[in-house]
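1. Take a look and give me a structure for this.
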Amino acid sequence: MNNPEFYIVDVFAERKYEGNQLAVFSDASDFSSRMMQGIAREMNFSETTFILSGKENDGGYDVRIFTPFEEVPFAGHPVLGTAHVIRTGILKTPCEGLCLNLKAGKIPVTFEENGMSWMKQLEPEFGSTLDAGEIAGVLGLGDSDVDGRFPAEEVSTGLPFIIVPLRTIDALKRARINREKLSRLIEKTKAKMVFIFCPETHEPGNHVSCRMFGDDFGITEDPATGSANGCLAGYLVRHGYFGGKELCIRSEQGYEIGRPSLLYLKASEKEGKIAILVGGKSIIVAKGEFV
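-> Residues are numbered from 1 along each chain as shown. Here you go, the predicted model:
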């Protein structure tokens with residue numbers, strides 16, 4: 001086996017050293033699952049991706065995604081960052097779009113000339129609603145910090161999250177996970193990660209500010225979570241958060257941990273079905289090889 005080549009990509013970043021870091025291995029055809037997991041733990045980013053072949057299979061590129069603790073069927077910033085590496089590092093020619101074959105299914109990605117790329121997420125599935133008081137306790141907040149007009153709810157577009165609406169950015173900043181209470185909560189939920197949001201923002205022009213806690217996956221806090229933001233887009237449309245059944249908004253994340261990130265969300269509901277697009281920019285900041 002040759003020394004594996006990898007890229008480090010900042011995803012959902014408006015400039016270098018912002019957004020969510022991603023390691024992408026461009027040829028993992030000879031890697032075992034155990035090796036992939038070991039490398040992901042060594043990289044210690046929220047996720048590391050492995051492109052199984054530089055050639056298309058069944059209309060897309062086979063990709064596996066690992067957190068430091070385990071493999072996941074889908075994740076947002078790994079999709080956009082990996083697609084960016086395929087386009088610029090493997091194909092090396094302009095293309096309007098490509099598809100990634102993940103364990104969750106086929107995820108198409110399209111590219112714009114301005115550096116934006118968009119992924120079409122799977123249709124959201126809405127699960128159980130949770131007690132607002134219990135959620136507030138998990139977050140170290142008071143009951144009044146949770147926006148009772150909307151439910152705390154499990155939502156998945158391939159990876160489930162507990163979506164929690166907060167009233168203010170002050171509450172968002174104060175949130176701290178109580179691991180003991182979180183452990184008790186996720187014993188009874190499919191979702192193991194908590195995604196909180198509020199309508200107040202750090203930057204003018206944005207529409208929501210968010211944070212994501214994924215202790216059970218080895219992610220204390222994620223700078224930018226495309227999968228969770230896709231769930232959020234579906235949630236906002238389903239519950240008419242901004243009024244109407246269509247939205248086009250900017251979501252900020254990562255400010256509390258020094259990695260400002262910007263995600264673009266589009267969603268619409270027609271005849272009971274919700275279509276979701278999540279977009280952002282990807283910037284390659286390093287390239288190297290494992291020895």
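
2. from what I can see residue 167 touches residue 145, true?
-> Yes: look at residue 167 against residue 145 with Cβ atoms under 8 Å: they come within range, at 6.1 Å. From N, CA and C alone the C-beta is placed, and that goes for glycine too.

3. Who has more neighbours out of these two?
-> residue 145 (22 against 17; other Cβ atoms under 10 Å).

4. Give me the below-cutoff pLDDT ranges for this structure.
-> The model of the chain has pLDDT under 70 over residues 1.

5. all helices of it, in order?
-> 33-43, 76-85, 132-138, 169-174, 179-186, 226-238 (DSSP state H).

6. Turn the ones you listed into a markdown table, including distance to residue 16.
-> Shown next, in a markdown table, are the helices of the chain (distance: least, Cβ to Cβ, whole Å):
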| stretch | distance to residue 16 |
| --- | --- |
| helix 33-43 | 18 |
| helix 76-85 | 14 |
| helix 132-138 | 34 |
| helix 169-174 | 25 |
| helix 179-186 | 33 |
| helix 226-238 | 19 |
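
7. mind giving me TSV with these and columns for mean neighbour count and distance to residue 116?
-> Shown next, in TSV, are those (neighbours: other Cβ atoms under 10 Å; distance: least, Cβ to Cβ, whole Å):
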stretch	mean neighbour count	distance to residue 116
helix 33-43	16	26
helix 76-85	30	10
helix 132-138	19	34
helix 169-174	17	26
helix 179-186	15	34
helix 226-238	28	13
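
8. So which of the ones you listed is nearest residue 118?
-> helix 76-85 (8.2 Å; Cβ to Cβ).

9. Of the helices of the chain, give the one that comes closest to residue 265.
-> Closest approach to residue 265 among these (Cβ to Cβ): helix 226-238, 4.2 Å.

10. ok, now which ones touch residue 84?
-> With contacts defined as Cβ atoms under 8 Å, 6 or more residues apart in numbering, the neighbours of residue 84 are 9, 11, 117, 282, 284.

11. Enumerate every residue touching the second one.
-> What it means is residue 11. Taking Cβ under 8 Å, 6+ apart, we find residue 11 in contact with 19-22, 77-78, 80-81, 84, 224, 226, 280-282.

12. Just the endpoints, please. Distance across stretch 26-44?
-> End-to-end distance for stretch 26-44, by Cα to Cα, to the nearest Å: 18 Å.
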